[in-house]
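Visitor: Coordinates for the following, if possible.
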Amino acid sequence: MKATRTVQKILSNYEGETPGVKANLCRMLMQGKLGGTGKMIILPVDQGFEHGPARSFAPNPEGYDPHYHYQLALDAGLNAYAAPLGPLEAGADTFAGQIPTILKVNSANSLMSGTAGKNQAVTASVDDALRIGASAIGFTIYPGSDMAVDMMEEITEMRKEAQSKGIATVIWSYPRGEGVTKDGETAIDVAAYAGHMAALLGAHIIKIKLSTDHLMLPEAKKVYEEQGIDISTQAARVAHCVQAAFNGKRIIVFSGGAKKGADSVYDDARAIRDGGGNGSIIGRNSFQRSREDALDMLGKLVDIYKGKG
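Guide: Predicted structure coming up:
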């Protein structure tokens, strides 16, 4: 498999990186129907921890079986499949080498009290990732949480270990917690800040949410207004987040969020494409649909990222 010039250019942005990490990034970028384009669609199935089994899989009961998600990602021609340790182990032999995987190494759950600080437990290790053949580890941070400093220290150590063993790092950077209002969780100034934090922490791939035109931070709001930063459209806001990720030198993908209508999913993808983002990491909007509907929708997303829709 020879990397395309587009992929080679992306990899060249990761100066000083180990060959193993670059090989795993290349593996993900060259996989599936978008292989070689620099665009990515990743299937994340880590919602069982946070939302529980019924909320996650009852809309499409086939999703209770981890093999279903491996096969969905393969048949849809996606770039990678991300999940916690248990589901990846459950298909690691059957699907070995067929699709790159991302081991989600920390997780939260909805049974914690509302007074608990926003945090996630470390639930897997870099050695687990090596053992099951994962291309990357995935780690969530909550900028805005009182526990954010602890989370950043944890991923700093895990990233260092992963890098030494040739494993890439994906950071889910989700503003949440005591320092962020509900509207602020998706405010453009906060979203760009979250993406930038992930880049500063050494993420090879950054996952953030799509944002609104709300500005939460008063001092930041002054700068946005004084400098005339365009945040008027979703594509413009994506472009600003790409700029915040080292001026496009880090791969940045955007989450799909809760299940919604297919047209909204397509509109989001067009905005990500037009804003220069690298793609979508889309879970509930795919696996909560029937297999037939999910494959149809994912196929249309591939076409959008190829500029056909």
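Visitor: just checking, Val149 is part of a helix?
Guide: Yes. With DSSP: H, G, I helix; E, B strand; the rest coil as the criterion, Val149 is located in a helix.
Visitor: what number of residues lie near it?
Guide: 10 (other Cβ atoms under 10 Å). The way it works is simple: take the backbone N, C-alpha and C, and place the C-beta from them, glycine included.
Visitor: Distance check, it against Leu29.
Guide: 32 Å (Cβ to Cβ, to the nearest Å).
Visitor: With Gly38 instead?
Guide: Taking Cβ to Cβ, one finds Gly38 at 7 Å from Leu29.
Visitor: quick one, which of these two is more surrounded?
Guide: Each of Gly38 and Leu29 has its neighbours counted (other Cβ under 10 Å); Leu29 has more, 28 against 17.
Visitor: Does the more buried one touch Met40 like I think?
Guide: Yes. The criterion here is Cβ atoms under 8 Å, and Leu29 meets it with Met40 at 6.8 Å.
Visitor: Quick check: neighbours shared by the two?
Guide: Asn79, Ile251 (Cβ atoms under 8 Å, 6 or more residues apart in numbering).
Visitor: Who are the contact partners of the residue nearest to Tyr224 when sequence neighbours are not counted?
Guide: Excluding its sequence neighbours, the residue lying closest to Tyr224 (Cβ to Cβ, 6 or more residues apart in numbering) is Leu215, at 5.8 Å. Shown in contact with Leu215 (Cβ under 8 Å, 6+ apart): Ala187, Ile188, Asp189, Lys221, Tyr224, Ile231.
Visitor: so Gly166, which of the three states?
Guide: From three-state DSSP, the assignment for Gly166 is coil.
Visitor: how near is it to Thr18?
Guide: With Cβ to Cβ as the criterion, Gly166 and Thr18 are 6 Å apart.
Visitor: would JSON lines of the contacts of Leu215 with secondary structure, neighbour count and pLDDT be doable?
Guide: Formatted as JSON lines, the contacts of Leu215 follow (DSSP: H, G, I helix; E, B strand; the rest coil; neighbours: other Cβ atoms under 10 Å; pLDDT from 0 to 100):
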{"residue": "Ala187", "secondary structure": "strand", "neighbour count": "25", "pLDDT": "98"}
{"residue": "Ile188", "secondary structure": "helix", "neighbour count": "25", "pLDDT": "98"}
{"residue": "Asp189", "secondary structure": "helix", "neighbour count": "24", "pLDDT": "98"}
{"residue": "Lys221", "secondary structure": "helix", "neighbour count": "14", "pLDDT": "98"}
{"residue": "Tyr224", "secondary structure": "helix", "neighbour count": "18", "pLDDT": "98"}
{"residue": "Ile231", "secondary structure": "coil", "neighbour count": "20", "pLDDT": "98"}
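Visitor: I'd like those residues as TSV, with distance to Thr181 appended.
Guide: Converted to TSV, those look like this (distance: Cβ to Cβ, whole Å):
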residue	distance to Thr181
Ala187	8
Ile188	14
Asp189	12
Lys221	13
Tyr224	17
Ile231	17
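Visitor: Tell me, how many residues neighbour Val122?
Guide: Around Val122 there are 13 residues (other Cβ under 10 Å).
Visitor: pLDDT-wise, which helix or strand of the protein ranks last?
Guide: The helix or strand of the chain with the poorest confidence is helix 47-51; it has a mean of 87 (mean pLDDT, DSSP states H and E).
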